[in-house]
Structure formats: C-alpha cells, structure tokens
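# give me a model of this one.
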Amino acid sequence: MKKKKRGKREFRLKHFIFLLIVFWVGKTLISQSIVMNDLSEEKLRKEQEVVELQGKIEQLQMEIKNKDSLTFVEKVAREKLGLVKPREIIYIDKNSSNGVFKNCNN
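This next block holds a predicted model:
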C-alpha cells in the first residue's frame, strides 16, 4: 500500500514539474514575441527616418550644385538675411506662431 501512495506523489510531482516547464517555455515564447514586434516596429521607424534623411541629403546636394546661381543667392538673402527687393512690402502676421513674413509686390 505504501508503494501506491508513493507512486501517486511522484506522479503528481512529475505533473507539477512538467506544468512548470510548460509555463516557463510559454512565458519565454510570449516575451520573445513581444520583443520581436517592438524591434520590427523600431526597424520600420528607422527605415522611414533613413528615407527622410536621404531626401534631405539630395536636397542639400542640389543646393550645393546651385550655390552659384542667382536664384540660390536671392533665396539665401531673403531667408537668412531678411533682404527684400526694391518696392517690395513685407507684412508680418502677428497671429502666426512662427512670425512668417508675407511679401506683397506693388
């Protein structure tokens, strides 16, 4: 009779250990899945950032090629230095958050 009780205890202990292992493996797989999803989202964000930066690089390369043209010089004079053409009136929109200049040619 004692052997039967001992067998049931071992049987229960084996099931308990098996359930712990299954729980641990399941928890590990779920946590890895979450990490993989986070990493794939971050990868997509970084790829979009790379595309945006490549566009900016192309724009800057075009500006470098056109640095000696009159339109580029005029653009820099207007944007950076705030210069205007003769008989040009500048209006400043006080309601605007960034203080945008509005040009009106007469």
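
# any stretches of this structure with poor pLDDT?
For the chain, applying pLDDT under 70 flags the ranges 1-10, 97-106.

# so what are the domain limits for it?
1-65, 67-106 (automatic domain parsing).

# could I get those domains as CSV with mean neighbour count?
No exception for glycine: its C-beta is placed from N, CA and C like everyone else's. Output for the domains of the chain, formatted as CSV (neighbours: other C-beta atoms under 10 Å):
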stretch, mean neighbour count
domain 1-65, 10
domain 67-106, 10
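
# got the contact list for stretch 17-33?
By C-beta atoms under 8 Å, 6 or more residues apart in numbering, the list of residues contacting stretch 17-33 from outside is empty.

# using PDB, write out every CA atom in it.
Provided in PDB are the C-alpha atoms of stretch 17-33 (Å, rounded to 0.1, in the frame of the first residue of the first chain):
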ATOM      1  CA  ILE A  17       7.300  19.900 -12.800                       C
ATOM      2  CA  PHE A  18       6.000  19.400 -16.300                       C
ATOM      3  CA  LEU A  19       3.500  22.200 -15.900                       C
ATOM      4  CA  LEU A  20       6.200  24.500 -14.600                       C
ATOM      5  CA  ILE A  21       8.400  23.800 -17.600                       C
ATOM      6  CA  VAL A  22       5.400  24.300 -20.000                       C
ATOM      7  CA  PHE A  23       4.600  27.600 -18.200                       C
ATOM      8  CA  TRP A  24       8.200  28.800 -18.400                       C
ATOM      9  CA  VAL A  25       8.500  27.900 -22.100                       C
ATOM     10  CA  GLY A  26       5.200  29.600 -22.900                       C
ATOM     11  CA  LYS A  27       6.200  32.700 -21.000                       C
ATOM     12  CA  THR A  28       9.600  32.800 -22.800                       C
ATOM     13  CA  LEU A  29       7.900  32.500 -26.200                       C
ATOM     14  CA  ILE A  30       5.400  35.200 -25.400                       C
ATOM     15  CA  SER A  31       8.100  37.600 -24.200                       C
ATOM     16  CA  GLN A  32      10.300  36.900 -27.200                       C
ATOM     17  CA  SER A  33       7.300  37.600 -29.500                       C
END
